[in-house]
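Enquirer: Return atomic coordinates for the entry below.
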Amino acid sequence: PYDFIRNPTQEDWKKSYDALRQLEKENPKDGRYPNTLGYLCYYGRHTGPRDYGEARMWFEKGNELHVIESAYKLSDMLAEGMGGPVDGDRAMKLRILVYLFCRDEFEGGMQDSKFADTALRMGRMLHEGKICPRNDLEALGYLLEAKYAIECRKQYHEYGDETVEQNILRLIDECEK
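Expert: As a prediction, the model looks like this:
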């Protein structure tokens, strides 16, 4: 939808939300629908205000259906207590599992994988020290992996790559200080 709707209105997002809800009901084992519904709720595109509780519920369902984006967004929400209580242990375990899965994909030749995003999250987790002890040296290792992975992925022109790259470079700079 990002490629086809240049300036979506609230009505467009509401229609998309309603259509995705119907598709999710008809295809309960397809993780794409809860994942996208999670993003719509997370950013408040379906109603205007963000709804972290509903977003977390959708990302939970997407995670159960093995959608990588749902798993790492759920880990973000668990770490920050968005849409429910903080669960640092579960957030950390989920991030590690997703990181390892994406690293295996990347090392297997899937350069357009979400490895850059997951390595970035590992680096951020270690740099912030909220749900694990802070360790900027270890964080830097993950961030350098993320930097390499985003350079490889940029050839595929994925939506949001510039933002991911900027976040990686900013965190590398912070860790080096």
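
Enquirer: need the helix or strand of the chain with the lowest average pLDDT.
Expert: Lowest on mean pLDDT, DSSP states H and E among the helices and strands of the chain sits helix 10-26, with a mean of 89.

Enquirer: May I see the buried residues of it?
Expert: 13, 16-17, 20-21, 24 (16 or more other CB atoms under 10 Å). Placement of C-beta: from N, CA and C, glycine included.

Enquirer: Could you do stretch 124-140 as well?
Expert: Within stretch 124-140, the residues scored as buried using 16+ other CB under 10 Å are 124-127, 131-132, 136, 138-140.

Enquirer: ends of that stretch, how far apart?
Expert: 9 Å (CA to CA, to the nearest Å).

Enquirer: contact partners of it?
Expert: 79, 88-89, 91-92, 95, 122-123, 142, 171-172, 174-176 (CB atoms under 8 Å, 6 or more residues apart in numbering).

Enquirer: next one: that stretch to chain centre, how far?
Expert: Stretch 124-140 sits 18 Å away from the centroid of its parent chain (CA atoms, centre = their mean, to the nearest Å).

Enquirer: again, but for stretch 66-86
Expert: Taking CA atoms, centre = their mean, one finds stretch 66-86 lying 8 Å from the centre of the chain it belongs to.

Enquirer: So what touches that stretch?
Expert: Contacts to stretch 66-86, defined as CB under 8 Å, 6+ apart, come from residues 31-32, 34-35, 38-39, 42, 51-63, 87-88, 90-92, 94-95, 97-98, 101-102, 114, 117-118, 121, 125, 130-131.

Enquirer: pLDDT below threshold where in the protein?
Expert: Residues of the chain meeting the criterion pLDDT under 70: 1-8, 10.

Enquirer: Next SSE downstream of the longest helix along the chain?
Expert: Determined from DSSP state H, the single longest helix within the chain is helix 88-107. Where DSSP states H and E defines the elements, the next helix or strand beyond helix 88-107 is helix 115-128.

Enquirer: what comes up buried for whatever helix or strand comes next after that following helix?
Expert: For helix 115-128, the succeeding helix or strand toward the C-terminus, using DSSP H and E, is helix 136-153. Neighbour counts over helix 136-153 (16+ other CB under 10 Å) mark 136, 138-143, 145-147, 149-150, 153 as buried.

Enquirer: Was I right to think Gly44 contacts Arg50?
Expert: Yes: applying CB atoms under 8 Å as the test, Gly44 and Arg50 come out as touching, 3.9 Å apart.

Enquirer: Check the contact between Leu37 and Leu20; I expect there is one.
Expert: Yes: counting by CB under 8 Å, Leu37 does reach Leu20; the two are 5.3 Å apart.

Enquirer: so what's Asp87 closest to, chain neighbours aside?
Expert: Of all residues not flanking Asp87 in the chain, Leu78 sits nearest, at 4.5 Å (CB to CB, 6 or more residues apart in numbering).
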